[in-house]
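Student: Sequence first, then the predicted structure:
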Amino acid sequence: MAGIFAAVRQSRRMRMAIGGLAAGLALVAVSACNTGSVLSLEPAVDVGSQTSAVPQYTGMQKLVPSNPYMTQAAYPRMDEPMSPVEQMPASETDCRQQLKRLDVAFTDLVPIHEGQCGIDYPVKVSAIGNIQMKPAATLTCDMAATFAGWTRNELVPSARWRYFSGVKTIHQGSSYSCRNIAGEGVLSEHGKGNALDVMSIELNNGDDIDVRKPGLFAFRTRGFLNNVRADGCQYFTTVLGPGYNYDHRNHFHFDIKNRKNGYRACR
C-alpha cells in the first residue's frame, strides 16, 4: 500500500512540473509579442497610405490628364483665321510673296468649298499699303495681287492727278460670293473668288467718290471714273460699270476670268 501512495505522489509532482513548464512558455511567448523581438503581427505595407495614393475620380473632367502646359487652345477657335492644312503649291507661295512686295495686308483662310463655288487657297485682304479695304475682301491670291497692282499703279496716281489727294479707303460691295451671273445661270467669278465690286473711293482730303454715273457737269469726277475704267482694262479681263446695265449702275465690277484668245470685256 505504501508503494502505491508513493507512485501517486510522484505522478502528481510530474503533472505540476509539466504545467509549470507550459505556463512559463506561455509567459515567454506573451512577452515576445509585447516587445516585437520575436514576432510582429503588423502588416508589412501601410494599407492606409496605399489607399490614399489611388486617384479618386469624381467627374468626367478627371478622365483628362492634368497637364500644367495644356490650355483650351487645343480646341481651335473657329472665329480666328487659320492657315490651310494642305501644303501650298509653289504658285500660291510665289503669289503671297508678291502680295508682300505690294505691301498688302492679308490673312490666309481655310479652304472654301460650297458646292460648285469655292477657293482652294483664299486670302482676306484688309489693306493695300496705307489704303484700307472696307470690308476686308476674300479673294484668290491672284485676284488680290492684280487688284493691288492696279490700285498702286493706276488708282492712286489718278487720284493725285485729279484731286491732288491720296486714297484713304476703297469701299467694296462684294468679293467672294457663291452665286450665278444674273439671268444667265452661269457661275459668277465672285463664286470663284476672282472678282471684286468697288462701290466708292474715299480720298484723304475727305472726298468720297461714288462710282455711280456722275452728273452732266461733274467733269473732274467723270474724268476720274473714266480713268478707273480704262486703266482697269489693262489689269483685269473684265471691267463692268455704270452705263453697262442696270445691275452695274452703282459699282465697278473687276474680275480676272480666263477667256479664250485673251478676250477682255471692258464696258
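Tutor: Good, I have the coordinates.

Student: Check which element follows the helix or strand bottoming out on mean pLDDT in the chain along the chain.
Tutor: For the chain, scoring each helix and strand by mean pLDDT, DSSP states H and E identifies helix 47-52 as the least confident one, at a mean of 32. From helix 47-52 onward toward the C-terminus, using DSSP states H and E, the following helix or strand is helix 90-101.

Student: So what are the sheet partners of the next helix or strand after that next one and their directions?
Tutor: For helix 90-101, the following helix or strand on the C-terminal side (DSSP H and E) is strand 104-108. Listed by DSSP bridges, the sheet partners of strand 104-108 and their directions read strand 123-128 (antiparallel).

Student: After the strand it pairs with, heading C-terminal, what element do we hit next?
Tutor: Moving toward the C-terminus from strand 123-128, the first helix or strand encountered (DSSP H and E) is strand 131-139.

Student: Going along the chain, name the strands of the stretch 151-267 of the chain.
Tutor: In order along the chain, the stretch 151-267 of the chain carries the following strands (DSSP state E, counting those that start in this stretch): 167-174, 195-203, 208-210, 238-240, 252-255, 265-266.

Student: Need the winner for burial among these.
Tutor: Of the strands of the stretch 151-267 of the chain, the one with the most neighbours on average (mean count of other C-beta atoms under 10 Å) is strand 252-255, at a mean of 24. C-beta: built from backbone N, CA, C; applies to glycine.

Student: tell me the mean pLDDT for that one?
Tutor: Mean pLDDT, taken over the full extent of strand 252-255, equals 96.

Student: And that strand, what does it pack against?
Tutor: Using 3 or more C-beta pairs under 8 Å, 6 or more residues apart in numbering; DSSP states H and E as the contact definition, the elements that strand 252-255 packs against are helix 141-150, strand 195-203, helix 219-232, strand 238-240.

Student: For that strand, C-alpha coordinates in CSV please.
Tutor: Taking C-alpha atoms only, strand 252-255 is exported to CSV below (Å, rounded to 0.1, in the frame of the first residue of the first chain):
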residue,chain,number,x,y,z
PHE,A,252,-17.4,98.8,-110.9
HIS,A,253,-17.0,95.0,-111.3
PHE,A,254,-13.5,93.8,-111.8
ASP,A,255,-12.5,90.2,-112.4
